[in-house]
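# show me how the following folds:
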Amino acid sequence: MGVIHKIGRRKTAVARVYVSEGTGVIVVNKKPFETYFPTATLQYKVLQPMSMTENVSNFDVKVNVYGGGSTGQAEAVRMALARVMCEVNAENRAILKPEGLLTRDPRMVERKKFGQKKARKRFQFSKR
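Numbers count the residues shown, from 1 in each chain. All right, here's what the predicted structure looks like:
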């Protein structure tokens with residue numbers, strides 16, 4: 001099989017995933033997967049494409065991820081792993097596509113405008 005390399009993105013997070021046949025070891029930024037994503041929710045998000053295709057213990061995964069926050073990074077890794085699972089077996093696409101795991105979420109943070117407190121929030125108006 002060799003090594004499969006895919007990229008996933010979410011908000012400003014970018015994840016590069018390298019997958020090879022193995023025993024199910026996942027390393028994120030040279031740290032164990034459970035250490036880098038400590039909460040059960042983030043761990044579930046990352047493992048979702050592999051568990052849906054029943055490949056959790058079949059592959060070793062090495063991840064380089066940067067930018068964004070923890071949730072954005074976890075969802076970027078999830079997207080990259082979903083793309084890898086599709087390349088491993090074309091039948092996996094029918095499983096992952098209806099769940100929305102192959103769709104890039106286009107929502108980004110709206111920029112702050114001048115003369116305002118935030119993107120849409122304005123400074124308080126006073127009639128004094």
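
# by residue count, tell me the biggest helix in this structure.
Using DSSP state H, we find that the single longest helix of the chain is helix 70-88.

# that one: which residues count as buried?
71-86, 88 (16 or more other CB atoms under 10 Å). All C-beta atoms are positioned from the backbone trio N, CA, C, and that covers glycine.

# looks to me like Y18 is in a strand.
Yes - using DSSP: H, G, I helix; E, B strand; the rest coil, the secondary structure at Y18 is a strand.

# where along the protein do the helices fall?
33-36, 40-52, 70-88, 92-96.

# right, and those - which one's nearest R9?
Smallest distance to R9 across these (CB to CB): 5.5 Å, for helix 70-88.

# low-confidence stretches in this structure?
Counting by pLDDT under 70, not a single residue of the chain qualifies.

# now with 90?
1-2, 24, 54-58, 89-90, 124-128 (pLDDT under 90).

# ok, the closest residue to P32 other than its chain neighbours - contacts?
With sequence-adjacent residues excluded and distances taken as CB to CB, 6 or more residues apart in numbering, P32 is closest to I26, at 7.7 Å. Contacts for I26 (CB atoms under 8 Å, 6 or more residues apart in numbering) come out as 32-33, 46, 60-61, 63.
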